[in-house]
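K.L.:
heads up, no residue letters with this:
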């Protein structure tokens, strides 16, 4: 799948090592207005364009990246786009990932770091039908649950340990809603801001159970980048992160100010509609996906050592990562916790 790129200057470059992208008159925080060079940063999302990526599109559409002297090369992911491979191969500066991926950086001693997390709550849910008696995690023991390959090696071991589930309950999830719609006793995986909307459109009454609310502490919609970039281009990285967080603060407020960002989302992904986008924004706000927990006091993108340690222990206890490793090797708090967009 082709990856969309947005260029905010007159000349294109390939990565931060390339030539200057052009000159504009900007005023950066704490600096006198003068001719500045736009530093290009490429960021790859985890899937096709959607409201769940809206803050990044807002920072493009509203000129926030440009205000911070950044040319954002925003690329949408997809089923055939291997973000981790592109990051490791130096083909992209940053990728949207998760806390669990950062623990793998620490496990494998890889030269990459998670440097911020937009989603304080992992958006993954298990979805049941209303009236089926499956309206809590405790009631799902022994019930048939459709879970894909990725879920079986991430959140499923956590749920098994906490609620006494067994692998006998599992059946494959094929990203097709038809089995769920046909059987009111089935439970399936999904994202809180996506599948429940489609189910309601099809006439179902879904009950989404947010796995984060069960204590699964995985950060999501993160910034993952190389230690080399953090070391050699620290100021550029900080400006990119701060601009992104400001974009998210604006996007979650909705209204006419985000119409241009939503137009970019729909251009990249024609399957997106105004109703889908509005639903996702509503759910992100109501569930505290972005603004909850540490982000309420530390700002959007917040991360803490205490939560990283807690999540590491959760994953080590169920055998996802080994005990005895140092999770701090996989992340840095240097670029967040500065109060951007806090409630």
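P.N.:
That came through fine. Just so it is clear, the structure is predicted and the values come from calculations on it, not from any experiment.
K.L.:
just confirm residue 261 is within a helix.
P.N.:
Yes - under DSSP: H, G, I helix; E, B strand; the rest coil, residue 261 sits within a helix.
K.L.:
report the contact partners of it.
P.N.:
54, 57, 58, 60, 61, 62, 247, 251 (C-beta atoms under 8 Å, 6 or more residues apart in numbering). Any C-beta I mention is one placed from the backbone N, CA and C, and that applies to glycine too.
K.L.:
show me the shaky parts of this structure.
P.N.:
1-36, 343 (pLDDT under 70).
K.L.:
repeat that for 50
P.N.:
Low-confidence segments of the chain, defined by pLDDT under 50: 1-27, 30-34.
K.L.:
mind giving me the domain split of it?
P.N.:
23-120+218-330, 124-214 (automatic domain parsing).
K.L.:
ok, residues contacting stretch 86-95?
P.N.:
15-16, 41-44, 46, 73, 75, 83-84, 110, 112, 223-226, 229, 240.
K.L.:
if we go to 10 Å?
P.N.:
By C-beta atoms under 10 Å, 6 or more residues apart in numbering, the list of residues contacting stretch 86-95 from outside reads 3, 14-17, 40-46, 73, 75, 77, 81-85, 97, 101, 110-112, 115-116, 222-226, 228-229, 233, 236-237, 240-241, 244.
K.L.:
my guess is residue 102 meets residue 333, correct?
P.N.:
No - the criterion here is C-beta atoms under 10 Å, and residue 102 misses it with residue 333 at 11.9 Å.
K.L.:
ok, the residue nearest the centre of the chain to residue 129 distance?
P.N.:
Closest residue to the average C-alpha location of the chain: residue 221 at 1.4 Å, with C-alpha atoms, centre = their mean. According to C-beta to C-beta, to the nearest Å, residue 221 stands 28 Å off from residue 129.
K.L.:
go on, residue 235?
P.N.:
Note on residue 235: its distance to residue 129, by C-beta to C-beta, is 52 Å.
K.L.:
the two: who's more crowded?
P.N.:
residue 129 (20 against 10; other C-beta atoms under 10 Å).
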